[in-house]
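[1] Need the 3D shape of this:
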Amino acid sequence: MSSTELFTELLNKYVTNAISDSEKETLFQMIRTGKYQVELAYCIDEIFNQSKEWNIAEDHQLKTEIFEYINTHKAPFRKINYLKTIISIAAILVVLLTGLLFVLDRIQSPKPPGNTAMNITGEPGGNKAELVLADGSSLVLDSNSHRSLLQGSTRVLQEGDQLLYQPDHNHDENTAYNTLKTPRGGSYKLVLPDGSTIWLNALSSVKFPVNFNNQAARKIQVTGEIYIEVSPGKRPFIVSSPEQEVQVLGTKFNINAYGDENKTITTLIEGKVKVVYNHHNELVLLPGQQSFIDPLNSSKIVKKEADIEQVTAWKNGFFHFENQSLDKITMSLSRWYNIDFKLDPAASDLRFSAVMDRSLNLDQILSDLSATGTVRFVKEQDIIKVYLK
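    Below is the predicted model:
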C-alpha cells in the first residue's frame, strides 16, 4: 500500500470513528508533514459525502480532538472555530496541510445563519469567450456552440470548450491576427496553428497570428492569466505581456499579468524559458521557478521557487489560496463570479489559506470564509460588501 493510499484509508477511518489510537497518531503525523495536500483536496469531499450519519456533536468532537492534538504537540498553528458544517472540517484539514491556519485576531463562537453569506447567490464561471477576427468582426463562443470558418488557408474550428486552428502549411500569405478574450466569469482553451495549447483564465486575452507560415518567430501577446503548453519547433516561441517578454522553444508555463494586480508573475512547469523585463533585464527560469518584479527595486526582476500546484490550480478547476489577503481573494472571486466586492479597509488584510472548487456557487465559497468567524458578507444591489465580524 502506498503512503497516499494509507493516508486516505486512515482519514476515512477517522471520519467514521473506526480508527485505533496508533492509527490516529500516524494520521496526525502525516497531516503535520504537509505532503498530502493534493490528495486531501481531491478526496475530502468524497469522504464526507459518504459519511451519511454525521451530526453536530460529531462535528464538535472532531474539531476539539484536532485542536487538542495541535496544542499537545505544539504545532505552529492558531486555533479557529468553524460553523456546524462538514465543509468546515475539510477546511481545517486543508489548512493544516498547507502549514498555516487562517490568520485571526480572536477565536469566535459559531454564528447563527443570519450572519453568514448563505443568502448571496452567484453562479460559477464557465467556458465562454469572444473571438475578434482580423477584420474587426467578432464571434461569441460558449460550450454549446460549434462552428467552422476559413481565414485565408487556415481552418478555424470551434468545438464546444475549445478553439482550434488548422493551417495549410503549403500556402504563404499575409499574416492576419485574431484575438481571443474571456470575460469575467469565463475561461477558454485555444489550440494555436503550431499545435501549442493555451488555457485562458477569466478576464484574459491572447492576440495571435492565424498561421505562422512566414514568420521568423511564433509570437503572441497576452493579458490576464494564461497557461501555455508550447509545441516544440525550430522557431522560437515568444509571449509578450505589458511588462515583459518570455522566450521559449518547448515548455509548459503560466503567466499571471492582470493589470489590477500591478505585477507579472511567470511560473515554469517544464522546459526552460528566458524572461526579458523592459527590454533589458533578463533571467532564465528552470522548472519549479517563477519570476516577478523585485519589490525592493522595480527596475529588475527576480526569481524564487514556486508552488506549482497553487499556481496551476485555476487550470485544474480550483481556487488555491496560500496565506492570501482577503483583498486578493476577492479579486479572484470577482473575475470568476462576475460580481464586484467592496471591502472595509480593516478586513482587506485578513489572510486565509484554503483550497476550494471553482464549480461551487459563490454563496458556498463565502459561507466557508464566513465560517472563520472573522468576516461577513452583505449583498447590497450588485455589490458584495465585506466587513469584519
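[2] Please make it C-alpha for all contacts and neighbour counts, starting now.
    Noted.
[3] which residues in the stretch 251-389 of the chain form helices?
    Residue ranges of the helices in the stretch 251-389 of the chain, as given by DSSP state H, counting those that start in this stretch, are 308-311, 326-337, 362-370.
[4] of those, which approaches Thr223 most closely?
    helix 326-337 (13.6 Å; C-alpha to C-alpha).
[5] Compute the inter-axis angle for that closest one and helix 362-370.
    Orientation check (axes from the mean of the first three to the mean of the last three C-alpha atoms, to 10 degrees): helix 326-337 against helix 362-370 gives 170 degrees.
[6] one step back: now tabulate the helices of the stretch 251-389 of the chain in JSON lines and tack on distance to Gly122, mean pLDDT and mean neighbour count.
    Compiled in JSON lines, the helices of the stretch 251-389 of the chain are given as follows (distance: least, C-alpha to C-alpha, whole Å; pLDDT from 0 to 100; neighbours: other C-alpha atoms under 10 Å):
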{"stretch": "helix 308-311", "distance to Gly122": "24", "mean pLDDT": "94", "mean neighbour count": "17"}
{"stretch": "helix 326-337", "distance to Gly122": "6", "mean pLDDT": "96", "mean neighbour count": "19"}
{"stretch": "helix 362-370", "distance to Gly122": "5", "mean pLDDT": "92", "mean neighbour count": "21"}
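[7] Would you convert those into a markdown table that also reports distance to Asn281?
    Formatted as a markdown table, those follow (distance: least, C-alpha to C-alpha, whole Å):
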| stretch | distance to Asn281 |
| --- | --- |
| helix 308-311 | 24 |
| helix 326-337 | 27 |
| helix 362-370 | 40 |
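[8] Quick one, which of those helices gets closest to Asn214.
    helix 308-311 (34.4 Å).
[9] Now do the closest one: everything it contacts.
    Identification of contacts with helix 308-311 by C-alpha atoms under 8 Å, 6 or more residues apart in numbering yields 38, 254, 267, 269, 288, 320-322.
[10] Would you mind extracting the C-alpha trace of that helix into PDB?
    Coordinates of each C-alpha in helix 308-311 appear next as PDB, following Å, rounded to 0.1, in the frame of the first residue of the first chain:
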ATOM      1  CA  ILE A 308       3.300  24.600  -8.900                       C
ATOM      2  CA  GLU A 309       0.000  23.100  -7.500                       C
ATOM      3  CA  GLN A 310      -1.100  26.500  -6.300                       C
ATOM      4  CA  VAL A 311      -0.100  28.300  -9.500                       C
END
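[11] okay, now Gly271: neighbour count?
    16 (other C-alpha atoms under 10 Å).
[12] same check, this time on the one 10 residues further on
    By the measure other C-alpha under 10 Å, the count of residues near Asn281 is 13.
[13] what do you get for Gly122?
    16.
[14] and it, what is it in contact with?
    Neighbours of Gly122 in contact, by C-alpha under 8 Å, 6+ apart: 337, 361-363.
[15] Apply 6 Å and report the result again.
    361-362 (C-alpha atoms under 6 Å, 6 or more residues apart in numbering).
[16] could you point out where the stretch 1-150 of the chain is predicted with low confidence?
    The model of the stretch 1-150 of the chain has pLDDT under 70 over residues 32-119, 121.
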